[in-house]
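[1] Predicted model follows, preceded by the sequence.
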Amino acid sequence: MEKVPPTPVPVYDQHTEFYPPQPTAPQNVHVQSPVHDPNVMVAPQPYYHPPAGHPSGYNSATPLHALQRGPTPVDCPVCGVREMTRTEAESGNTTQIEQLERTVGALLERLGEDSSSIMTPAIERSNNPRDILHESTANPATKSDYPSAPPVMVIRDLASDVGVRSPDASSHESVLDGLISADLSLNLITIFLEHYGRWVLFDPETNPKILLGRVNRSPLLFSACCLIAVRHTTESLATTLAPKLYQSARSLVSTALLVSPQPIEFFQAAIVLSLWSTTVGQVPLSIDSWLLSGFALQHCQSSPLFDAVNTANAHTELTKTTLDNWCIWNHLCLAHLQYCVGTSRKSMLQASQIPKCRAIVGSDHATNYELRMVAEIHLYWTLYEHTSSESIDLLKSMASLQDWKKEWQFMLEQPRAQFLLMGFHFAHLLLYDQCLKSKTARARESVISEMIRHSTAIIRLAIDTADDRTRHLTDHIYHMITFAAIIICRLLSAYEDQLIQIYNLDELDSLILSLVTWMQTIGLPCHAAHTLGHVIGKVHQKLRPAVVPQPLATEQSEVFYGQDLAGYFPEFLGVETTEDGNWDLLPSWGFSSPP
């Protein structure tokens with residue numbers, strides 16, 4: 001046994017130990033992983049240092065700063081900070097390592113299960129303990145006491161409230177071996193190539209058999225492709241295969257996140273799982289699109305596949321492979337920004353990176369499809385900048401959106417422009433919603449009128465432009481449609497007496513009912529449109545009982561719909577769950593005279 005010295009060992013007599021830098025993770029990922037497990041994800045509390053830091057430069061939370069080797073802790077004679085004993089220091093390190101091991105294990109097991117509490121405010125919080133202590137004593141923020149909740153989170157919470165559950169996927173062992181026959185694999189890859197291939201830069205002229213051979217080399221990409229394609233086969237096949245493919249995809253992507261650099265197949269799979277996160281698990285955000293796309297963008301920084309994007313050298317030769325990879329990066333950026341806005345979380349992208357997405361302009365990759373991607377990236381970045389600011393300047397925000405529209409007007413006159421227009425109306429809707437909830441907002445009647453106008457525009461664009469490709473749209477399109485419908489339901493419930501003087505309320509209610517019916521005709525019953533249509537119908541029924549007094553005829557089994565939908569958008573919708581399962585309007589939703 002080591003003899004305890006009679007006096008503490010001075011800090012300056014200890015040998016310096018260097019700790020290598022750790023990989024960067026998305027903002028606030030330490031708060032909670034995609035797996036909702038508070039027992040695992042509690043962040044360790046750091047020791048507080050004086051403003052100038054410890055004179056020795058050491059971290060008091062490491063064994064190097066434990067001045068006494070006995071069982072009793074003492075104060076540091078240099079800085080006065082309360083010290084650990086050697087036992088405490090070593091135990092603390094072991095505890096942190098065990099926490100890290102449990103965290104990684106949980107992430108591997110259940111990537112993307114529940115991330116509602118990871119939502120961060122629009123203003124980035126500091127990780128510095130001094131800043132945290134300062135914030136706790138500072139004046140409250142200027143934002144409203146009832147801030148606008150993010151749209152995608154609202155949808156997920158409401159889905160949970162009406163009982164939408166994700167299929168069980170408890171094991172992360174590979175389930176692909178022998179699961180899908182060769183003929184079925186070819187059929188699924190053929191479906192994916194035809195309807196989704198351009199999202200991941202598959203050559204549409206490629207022979208599906210050759211493509212299958214390439215995709216098979218990446219179990220993750222194969223699982224992701226089949227998971228989307230199987231939703232367009234038969235209901236029985238989708239019911240049988242989809243949960244197992246979902247289980248496989250979550251396990252494989254969790255493992256892949258810990259390895260760098262990654263091949264192109266990882267980034268292709270990340271795009272698929274991010275853009276169809278509701279489809280793959282039958283629950284909104286069953287895989288956390290913000291987190292997955294954020295990690296994928298981080299991996300881009302260390303991958304030689306994206307050297308041209310990272311260096312942005314004007315003399316870089318833009319070969320076909322380089323441009324293909326650049327488009328992959330663009331698609332990841334778009335998915336990430338859509339869910340930054342949809343979940344009110346910080347972006348992993350910087351303002352200096354946004355212009356890089358224009359590199360494809362002028363090349364043979366500048367198709368209508370890819371140019372729409374570039375236009376959408378700029379639209380959602382514009383929206384992100386305004387919604388993430390401390391306070392929204394409505395006039396400035398509207399002017400920025402009009403500038404975007406003027407710049408991309410030539411694309412708005414091209415085929416398939418309805419999705420750009422939906423995003424344009426969606427951007428207005430989010431900005432107006434935040435202003436409506438602000439206690440300093442004036443002329444609420446005009447704001448509400450604008451919200452009704454933009455919401456109905458989104459819904460009518462969706463219904464009026466429906467075609468054979470509608471069932472293959474990304475989940476974000478259906479999230480925008482769902483959010484617009486719920487906004488109308490919320491406004492009708494909160495401001496019926498005021499709106500009846502301006503609008504035909506029967507027409508608005510009829511529009512919602514027609515939308516629900518339309519969404520439940522899209523694809524198979526396992527399609528995301530059916531899930532979200534059910535959510536809209538239940539919200540409409542709760543908020544407008546006189547219009548929809550009876551349960552919907554197409555209401556799905558309550559055995560299938562449990563209580564997993566309790567955490568998605570209630571605050572953004574102006575509703576909150578009560579003990580009897582109903583939604584009540586939040587107190588900030590009454591008309592009040594401006595101060």
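    Done, it's in.

[2] Neighbours of L318, how many?
    Residues lying near L318 (other Cβ atoms under 10 Å) number 15. Every residue, glycine included, has its C-beta placed from N, CA and C.

[3] Summarise which helices and strands the helix or strand harbouring T321 is packed against.
    Take DSSP states H and E as the rule and T321 turns out to sit in helix 320-343. With contacts taken as 3 or more Cβ pairs under 8 Å, 6 or more residues apart in numbering; DSSP states H and E, helix 320-343 sits against helix 151-161, helix 264-275, helix 289-302, helix 307-311, helix 368-387, helix 475-494.

[4] change it to 10 Å
    In terms of contacts (3 or more Cβ pairs under 10 Å, 6 or more residues apart in numbering; DSSP states H and E), helix 320-343 is packed against helix 151-161, helix 264-275, helix 289-302, helix 307-311, helix 368-387, helix 418-437, helix 475-494.

[5] For R372, give me its contacts.
    L334, W408, M411, L412, Q414, P415, R416, A417, F419, L420, G423 (Cβ atoms under 10 Å, 6 or more residues apart in numbering).

[6] top of these by neighbour count?
    In those, the most neighbours by other Cβ under 10 Å go to L334, 27 neighbours.

[7] per-residue confidence for it?
    According to the prediction, L334 has pLDDT 98.

[8] returning to what we had before: could the contacts of R372 go into TSV alongside distance to P525?
    Below are those laid out as TSV (distance: Cβ to Cβ, whole Å):
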residue	distance to P525
L334	29
W408	37
M411	35
L412	35
Q414	34
P415	30
R416	27
A417	31
F419	25
L420	30
G423	28
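
[9] how about low-confidence regions in this structure?
    Residue ranges of the chain with pLDDT under 70: 1-148, 163-176, 312-315, 437-443, 549-595.

[10] Domain parsing of it, as residue ranges.
    If you go by automatic domain parsing, the domain ranges for the chain are 11-110, 152-166+282-589.

[11] What's the local residue count around A466?
    15.

[12] nearest to M398, of the helices and strands packed on helix 320-343?
    helix 418-437 (7.4 Å; Cβ to Cβ).

[13] Could you look up the next helix or strand downstream of that closest one?
    helix 444-464.

[14] I'd like to know which elements that following helix is packed against.
    If contacts are counted by 3+ Cβ pairs under 10 Å, 6+ apart, helix 444-464 sits against helix 418-437, helix 475-494, helix 496-499, helix 505-519.

[15] what do you get if the cut-off is 6 Å, keeping everything else the same?
    Where contact means 3 or more Cβ pairs under 6 Å, 6 or more residues apart in numbering; DSSP states H and E, helix 444-464 is packed against helix 418-437, helix 475-494.

[16] got a list of contacts for it?
    By Cβ atoms under 6 Å, 6 or more residues apart in numbering, the surrounding residues in contact with helix 444-464 are 418, 421-422, 425, 428-429, 432, 435-436, 480-481, 484, 487-488, 491, 495, 515, 518.

[17] Can you flag the buried ones in these?
    By neighbour count, with 16 or more other Cβ atoms under 10 Å, these hold 418, 422, 425, 428-429, 432, 435-436, 480-481, 484, 487-488, 491, 495, 515, 518 as buried.

[18] Validate this expectation: S363 resides in a helix.
    No: going by DSSP: H, G, I helix; E, B strand; the rest coil, the assignment for S363 is coil, not a helix.

[19] Now do the contacts for it.
    With contact taken as Cβ under 6 Å, 6+ apart, S363 is in contact with L323.

[20] how close does it sit to L412?
    For S363, the distance to L412 (Cβ to Cβ, to the nearest Å) stands at 22 Å.

[21] Same question for L186.
    39 Å.

[22] How about V447?
    25 Å.

[23] which residue sits closest to L323, ignoring its sequence neighbours?
    Once flanking residues are discounted, L323 sits nearest to H365: 4.6 Å by Cβ to Cβ, 6 or more residues apart in numbering.

[24] Just to check, the one you found is in contact with T322?
    No: in this structure H365 lies outside contact range of T322 using Cβ atoms under 6 Å: 9.9 Å.

[25] what's the neighbour count on S446?
    Residues lying near S446 (other Cβ under 10 Å) number 10.

[26] for the one 5 residues further on, same thing?
    One way to gauge burial is a neighbour count; for M451, by other Cβ under 10 Å, it gives 23.

[27] and what of E235?
    12.

[28] Also the one 5 residues further on?
    For T240, the number of neighbouring residues by other Cβ under 10 Å comes to 13.

[29] Which strand or helix spans it?
    T240 belongs to helix 235-256, assigned by DSSP H and E.

[30] Using PDB, list the CA coordinates for that helix.
    Provided in PDB are the C-alpha atoms of helix 235-256 (Å, rounded to 0.1, in the frame of the first residue of the first chain):
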ATOM      1  CA  GLU A 235     -49.100  -3.900 -47.300                       C
ATOM      2  CA  SER A 236     -48.300  -7.500 -46.100                       C
ATOM      3  CA  LEU A 237     -44.700  -7.300 -47.300                       C
ATOM      4  CA  ALA A 238     -44.100  -3.900 -45.800                       C
ATOM      5  CA  THR A 239     -45.600  -5.000 -42.500                       C
ATOM      6  CA  THR A 240     -43.200  -8.000 -42.400                       C
ATOM      7  CA  LEU A 241     -40.000  -6.500 -43.700                       C
ATOM      8  CA  ALA A 242     -40.000  -2.900 -42.800                       C
ATOM      9  CA  PRO A 243     -39.600  -3.300 -39.000                       C
ATOM     10  CA  LYS A 244     -36.600  -5.600 -39.500                       C
ATOM     11  CA  LEU A 245     -35.000  -3.300 -42.100                       C
ATOM     12  CA  TYR A 246     -35.600  -0.400 -39.800                       C
ATOM     13  CA  GLN A 247     -33.900  -2.300 -37.000                       C
ATOM     14  CA  SER A 248     -30.900  -3.100 -39.300                       C
ATOM     15  CA  ALA A 249     -30.600   0.500 -40.600                       C
ATOM     16  CA  ARG A 250     -30.600   2.000 -37.200                       C
ATOM     17  CA  SER A 251     -27.900  -0.400 -35.900                       C
ATOM     18  CA  LEU A 252     -25.700   0.000 -39.000                       C
ATOM     19  CA  VAL A 253     -25.800   3.800 -39.100                       C
ATOM     20  CA  SER A 254     -25.100   3.900 -35.300                       C
ATOM     21  CA  THR A 255     -22.000   1.900 -35.900                       C
ATOM     22  CA  ALA A 256     -20.900   3.900 -39.000                       C
END
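
[31] which helices and strands sit right next to that helix?
    helix 219-229.

[32] Next, the angle from the helix it packs on to helix 235-256.
    Angle of helix 219-229 versus helix 235-256, following axes from the mean of the first three to the mean of the last three Cα atoms, to 10 degrees, is 150 degrees.

[33] Just the buried positions in helix 219-229, please.
    For helix 219-229, by 16+ other Cβ under 10 Å, it's P219, L220, L221, F222, S223, A224, C225, C226, L227, I228, A229.

[34] list the contacts for the second one?
    If a contact means Cβ under 6 Å, 6+ apart, then L220 has L252, V253, A256, A269 as its contacts.

[35] change it to 7 Å
    Residues near L220 by Cβ atoms under 7 Å, 6 or more residues apart in numbering: A249, L252, V253, A256, E265, F266, A269.

[36] Please apply the same query to the fifth one.
    In this structure, S223 makes contact with L176, L245, S248, A249, L252, judged by Cβ under 7 Å, 6+ apart.

[37] and L211, what helix or strand is that in?
    helix 208-215.
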